[in-house]
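>>> Sequence isn't available, so here's the structure alone:
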């Protein structure tokens, strides 16, 4: 009977169109279905809620600031689509709101409910132009900076809000809580954003469960990151329950920090705005270039049964104290499984750490006794296949007990400890945690279980956010200059046709296709697109991926760091005119070579190469893009196009106009020590 009364009341509401800016609703209404393009001319909301207890049912209607928000300049979006200020118990449902700085903005609106809405394409700072990355580091800790960024949904001082089945993608930030406590965020999709999928600032006692927060990332220094994160928590956000979220492929999967990035004194390591007593459990933060989970300058946080695989670090917990890392799966980190700098009283127990490159666990402190790494415990973990199992530096009173170690050397004296155990595992067992687990929707699927491709190489930046390929029939990536991989999205692409000629080969893999350019018999390379067409019923999806069929002559050298410096032009010229240590013919000259030899007989450090090729190019303007660590120089027909001969990583681009014909290309690259990578790409600019 109650449900019948509610349905009857809803059906009796007036159904009105959105005819202008500054519409104020003081009673519940339905919006007449349709598409309404209205700008917020005075930045106070196209639709404004003017009373308590108001429900606005959009019935699927669209409100947008421009007619095509997905193709607009998102960093110019301003104003609010819907504004709620100072009114309680408001419900917004079934709305599509696009193209504003804040698609829905609410302040001091307790017990707000937002459900069944699509709030994508809000304001975003540009991250790429014509495929060239634009680097900008986000300000994670300053709420005033957050206000300039915008979001699909912004809740400020909105206690006990409920956000369910909201989509907020293809922008910078999805859902932001500022000084909002006791809220519930359940079953939302805030993936494919360039800042933060979900962000808490000064917000406590909230539940965020079973949300899709994948591919929230931005270009940074030739890689991805820039303090983007699937889930960001900052500035005094306590006792939050973060459960069952898929937050893969983020800059960080999960990122927690204080207000000032570690402001403290020498007498007491107490952080202003630390985020404490949070429970982060059953989440997947894998495939992050930085950290699957980062929690710095904080106290008593618990990380339980999370997946932290295939990332830079599994867990980075610098200056964390009294935190617990329990029963997590940490595999294939490019550096370390668990890294804690200046941490105290932390418990690392029952984790599975396999294949982490440098170490399973690393505890350390900078030189000096003021704030050592102290009183930590490493118990009952599995550590396998790492360069080292456990590394301690300037660490005091560390308990090491009952760990299973295989294929991971451990220093003498670190296999066990006689120190009595004083830390007790606090496995989440609260009623709230059990209820959060029970909230899992029947149709919820972690990204890793969708069958879609995984790995940072599948991130492709659009101008304002990572490209959301879920709406396409195929997703594609360049493996190298002459190879692209095409991955059909199985739920949509019933058939995939790949158009190719004699200058390409196609290899069918288990789940994808490889398309490779072929060098002609004269050995001269060409730059040609490969037309790839996917069809499913009446749907058709086409890309034209540029492919380079070059054959490079590569001359390898080793150099002496004691006699050759980066600014010694004459010395480098002499090196490259000398007899090489090795000569090869290669289809590609890029790659990631850190800590390994790039070619037979070449050492892992202090090496260089000069690569030359001939390319047959059409008349026009070409852009050459490089990502290099360390030094790189690129010449076309003897003219230097890129000059990055320095010991710092970075991206560089250069343009050159050429006449139709065969052109000489020469690339010089040099590596000193540590990480090293090189990407080389050439593109013909449209209309030039």
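That came through fine. Predicted, not measured: the structure shown is a model, and the values here were computed from it.

>>> Shouldn't residue 147 be within a helix?
Yes. Counting by DSSP: H, G, I helix; E, B strand; the rest coil, residue 147 falls inside a helix.

>>> Got the confidence number for it?
Note on residue 147: pLDDT of 95.

>>> And it, how far from residue 47?
20 Å (C-beta to C-beta, to the nearest Å). (C-beta placed from N, C-alpha, C; glycine too.)

>>> of the two, who's got more company?
Of the pair residue 147 and residue 47, residue 47 is the one with more neighbours under other C-beta atoms under 10 Å, namely 27 against 15.

>>> So in the chain, where's the weakest helix or strand by average pLDDT?
helix 2-11 (a mean of 42; mean pLDDT, DSSP states H and E).

>>> measure residue 554 to residue 595 for me?
Distance from residue 554 to residue 595, by C-beta to C-beta: 21 Å.

>>> Same check on residue 330?
Taken as C-beta to C-beta, the span from residue 330 to residue 595 is 20 Å.

>>> More neighbours: those two, which one.
More crowded of residue 330 and residue 595, by other C-beta under 10 Å: residue 330, with 31 against 14.

>>> Now the terminal residues of stretch 314-330, how far apart.
Counting by C-alpha to C-alpha, to the nearest Å, you get 6 Å between the two ends of stretch 314-330.

>>> Now do the buried residues in it.
Neighbour-count burial for stretch 314-330, counted by 16 or more other C-beta atoms under 10 Å, picks out 314-330.

>>> Could you do stretch 672-688 as well?
Per 16+ other C-beta under 10 Å, stretch 672-688 contains these buried residues: 672, 676, 677, 678, 679, 680, 681, 682, 683, 684.

>>> So for that stretch, mean pLDDT?
On average, stretch 672-688 scores 80.

>>> go on, stretch 77-90?
98.

>>> mind listing what's buried in it?
So stretch 77-90, judged by 16+ other C-beta under 10 Å, has buried residues 77, 79, 80, 81, 82, 83, 84, 85, 87, 88, 90.

>>> Please apply the same query to stretch 12-20.
residue 18.

>>> ranges for the helices of this structure?
For the chain, the helices defined by DSSP state H occupy 2-11, 143-149, 431-438, 569-576.

>>> List of residues touching the third one?
Which is helix 431-438. For helix 431-438, contacts defined as C-beta atoms under 8 Å, 6 or more residues apart in numbering pick out 207, 209, 241, 243, 244, 279, 281, 282.

>>> next one: the shortest one
The list of residues contacting helix 143-149 from outside it, by C-beta under 8 Å, 6+ apart, reads 123, 125, 138-139, 172-173, 176, 178, 195, 199, 201-202, 235.

>>> and the nearest residue to residue 78 once chain neighbours are set aside, how many neighbours?
With sequence-adjacent residues excluded and distances taken as C-beta to C-beta, 6 or more residues apart in numbering, residue 78 is closest to residue 101, at 5.2 Å. Residue 101 has 25 neighbours, counted by other C-beta under 10 Å.

>>> Ramachandran coordinates for residue 101?
phi -60, psi -40 (degrees, to the nearest 10).
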